[in-house]
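1. Okay, structure incoming, though there's no sequence with it:
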Ligand SMILES: [Fe+2]
């Protein structure tokens, strides 16, 4: 078992439990943030294995990618707003400066789904779209549909 990641998720759930006590309005309920963090991480692992990217970094980046929305409650500009909280989360973790910076950049850039970024960024974007799709969200924006189709094709789903 990858206990380190299980305990990262424990920390994430604890952060989300604390945030749930706040009375701010939210675009998505905390339960979705928890479900999405875990299932994105597993999809991220699968994509990382397939694409030859570090699987553990991919899982963590995917689990944390919406941290800006956890904190603000809002979808608007949530990706760049994740920078400060994700840096704070990563300070308590062991790991190279470079690997942490890759994760930070993946969080900041994950909403740029019309652009091609680093391999880790692309994993986060594709895992995000696939997870929303598989949980039943309507994917509407044309560049989201294009990305979803490409990801499903890569996985042999269409
Ligand atoms: Fe997001």
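-> The structure has been received and is ready for your questions. Keep in mind that this is a model prediction, so the values were computed, not measured.
2. helices or strands next to the lengthiest helix in the chain in the packing?
-> Ranked by residue count and defined by DSSP state H, the top helix of the chain is helix 30-51. Packing partners of helix 30-51 (3 or more Cβ pairs under 8 Å, 6 or more residues apart in numbering; DSSP states H and E): helix 3-20, helix 55-64, helix 67-72, helix 119-134. Every residue, glycine included, has its C-beta placed from N, CA and C.
3. quick one, what contacts residue 19?
-> 30, 70-71 (Cβ atoms under 8 Å, 6 or more residues apart in numbering).
4. do that again at 10 Å, thanks
-> 26, 30, 33, 70-73 (Cβ atoms under 10 Å, 6 or more residues apart in numbering).
5. Most neighbours of all those, which one?
-> residue 70 (24 neighbours; other Cβ atoms under 10 Å).
6. Looking at the contacts of residue 19, point me to the pair that's furthest apart.
-> 30 and 72 (13.2 Å; Cβ to Cβ).
7. circling back: can you state the direction angle for the longest helix of the chain and helix 55-64?
-> Orientation of helix 30-51 against helix 55-64 (axes from the mean of the first three to the mean of the last three Cα atoms, to 10 degrees) gives an angle of 150 degrees.
8. If you count neighbours, what's buried in helix 30-51?
-> For helix 30-51, a neighbour-count test (16 or more other Cβ atoms under 10 Å) marks 30, 32-34, 36-41, 43-48 as buried.
9. Distance from it to the middle of the chain?
-> 7 Å (Cα atoms, centre = their mean, to the nearest Å).
10. could you give the angle of that helix to helix 3-20?
-> 150 degrees.
11. Which helix or strand lies directly C-terminal to the helix or strand containing residue 90?
-> Secondary structure from DSSP states H and E places residue 90 in helix 83-91. Downstream of helix 83-91, the first helix or strand assigned by DSSP H and E is helix 97-109.
12. Which secondary structure elements does that following helix sit against?
-> Packed against helix 97-109 by the contact rule (3 or more Cβ pairs under 10 Å, 6 or more residues apart in numbering; DSSP states H and E) you find helix 55-64, helix 67-72, helix 83-91, helix 119-134.
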